[in-house]
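Enquirer: Provided below for reference: sequence and predicted model.
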Amino acid sequence: MSFKVKMVRTLAAAGLVLTMCTGVAFASIGSATVTADSLRLRSEAGTDSETLAMAPKGAEVTVEADMGSGWYQVTYDEKVGYMSGEWLKITLADGTVIEAAPAPLSAEPEQQRGLVTADVLNVRAEASTSAEKVGTLKAGTVVDIVADLGSGWYQIDSGYVSAEYVTLVGADFEGSSELGAAAAAMAQSLLGCRYVSGGRGPSTFDCSGLMYYIYQQLGHPIARGSSSQYYNSGYFVSTDAMQPGDLIFFFDRRFDSSGGTLPTTHVGMYVGGDQFIHASTTSYRVQYDSIYGYYAPYIVGAKRIG
């Protein structure tokens, strides 16, 4: 992060504290309207940073600062972040309308993808549960999101769907197959579910039951136990070349009751960023862990499904 970005964010944070303590806020430099079909609000001034929200075309944002690189610090939907000025029509506080300098060439505006998590999701003609049903989508379907309407609805190519039943597929999944991205997104949607020995969904899981449930929902059945998944499901890939959706296997002899005949005692799903999601036997819930943390010495291999 550049010194200028750090300074602006520090000042913004200081302004928030001052507002909370005194009720006095710093003035913004103006307002802006989103001109793209949808535009990402980023955590930093760059396309490789985290997406905080998606603003639909016509959305109004408050412009807090000009970062001087084609990016602006803005407030949208009560979140402070950064947007590319290439897709903003900016009006200064004195009423002057300016053309923002284009940001460096990027994928903005980016079309977000989403994973359907409901068993059956209705597609509506308008963004309302009372609107005509024009179709349905099955769990595990990956859709292109045309716009986030900011009211609990997404516009997709075929109509409108409730955002409650769609999990966004983030930039961490880029480079993976559509199946792998969908699997990783579904794993994220199950974070916090309880660990129960023998559990295989939809709300309780053991380690292999979680993998079994996810790929079953996506129409790609795999073996049930972790050792069976290791031997019989997918194909082996290097742990240095893992993509989101790949299964990562572990062996810890402290949890081996086979006398050393099993190749694995635990399995999780790699989701990018050196993180995997698994049903933990220590916290008794589905959670993230790092492949370079506690589990690193116990990794025995990885497999890709599909």
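Expert: Yep, it's here. Numbering: from 1, shown residues only.
Enquirer: So the residue of the chain most remote from its centre versus residue 266, what's the distance?
Expert: Most distant residue from the mean C-alpha position of the chain: residue 259, 40.2 Å away (CA atoms, centre = their mean). Distance of residue 259 to residue 266, computed by CB to CB, to the nearest Å: 17 Å. From N, CA and C alone the C-beta is placed, and that goes for glycine too.
Enquirer: Report the secondary structure state of residue 228.
Expert: Classification of residue 228 by DSSP: H, G, I helix; E, B strand; the rest coil places it in helix.
Enquirer: Next, count neighbours for it.
Expert: Neighbour count for residue 228, taken as other CB atoms under 10 Å: 14.
Enquirer: Direction included, what does the helix or strand residue 134 falls within pair up with?
Expert: Using DSSP states H and E, the element containing residue 134 is strand 133-138. Strand 133-138 has its sheet partners listed here by DSSP bridges as strand 120-124 (antiparallel).
Enquirer: hey, C-alpha coordinates of the strand it pairs with in PDB?
Expert: The C-alpha trace of strand 120-124 is given here as PDB (Å, rounded to 0.1, in the frame of the first residue of the first chain):
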ATOM      1  CA  VAL A 120     -34.300 -24.600  -5.700                       C
ATOM      2  CA  LEU A 121     -34.100 -20.800  -6.300                       C
ATOM      3  CA  ASN A 122     -36.800 -19.000  -8.100                       C
ATOM      4  CA  VAL A 123     -35.900 -16.500 -10.900                       C
ATOM      5  CA  ARG A 124     -38.300 -13.600 -11.000                       C
END
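Enquirer: Return the distance of it from the chain's centre.
Expert: 21 Å (CA atoms, centre = their mean, to the nearest Å).
Enquirer: same question, stretch 227-235
Expert: Distance of stretch 227-235 from the chain centroid (CA atoms, centre = their mean) equals 27 Å.
Enquirer: Quick one: mean pLDDT for that stretch?
Expert: Stretch 227-235 carries an average pLDDT of 94.
Enquirer: what's the answer for stretch 189-209, then?
Expert: The average pLDDT for stretch 189-209 rounds to 93.
Enquirer: what about this protein, any weak spots by pLDDT?
Expert: Where the chain drops to pLDDT under 70, the residues are 1-27, 37, 99-111, 140, 169-176.
Enquirer: the domain parsing of it - what is it?
Expert: When the chain is parsed with automatic domain parsing, its domains come out as 3-99, 112-169, 178-304.
Enquirer: so where do the strands sit in the stretch 101-250 of the chain?
Expert: Listed in chain order, the strands of the stretch 101-250 of the chain (DSSP state E, counting those that start in this stretch) span 112-116, 120-124, 133-138, 142-148, 153-156, 159-162, 166-169, 194-195, 204-205, 235-237, 247-250.
Enquirer: dump the residue contacts of residue 60.
Expert: Residue 60 is in contact with 31, 32, 33, counting by CB atoms under 8 Å, 6 or more residues apart in numbering.
Enquirer: cool, and residue 239?
Expert: Here residue 239 is in contact with 248, 291, 299, 301, 302 (CB under 8 Å, 6+ apart).
Enquirer: which two of the residues you listed lie the greatest distance from each other?
Expert: 291 and 301 (12.3 Å; CB to CB).
Enquirer: Mind listing the shared neighbours of these two?
Expert: Joint contacts of residue 291 and residue 301 (CB under 8 Å, 6+ apart) are 239, 248.
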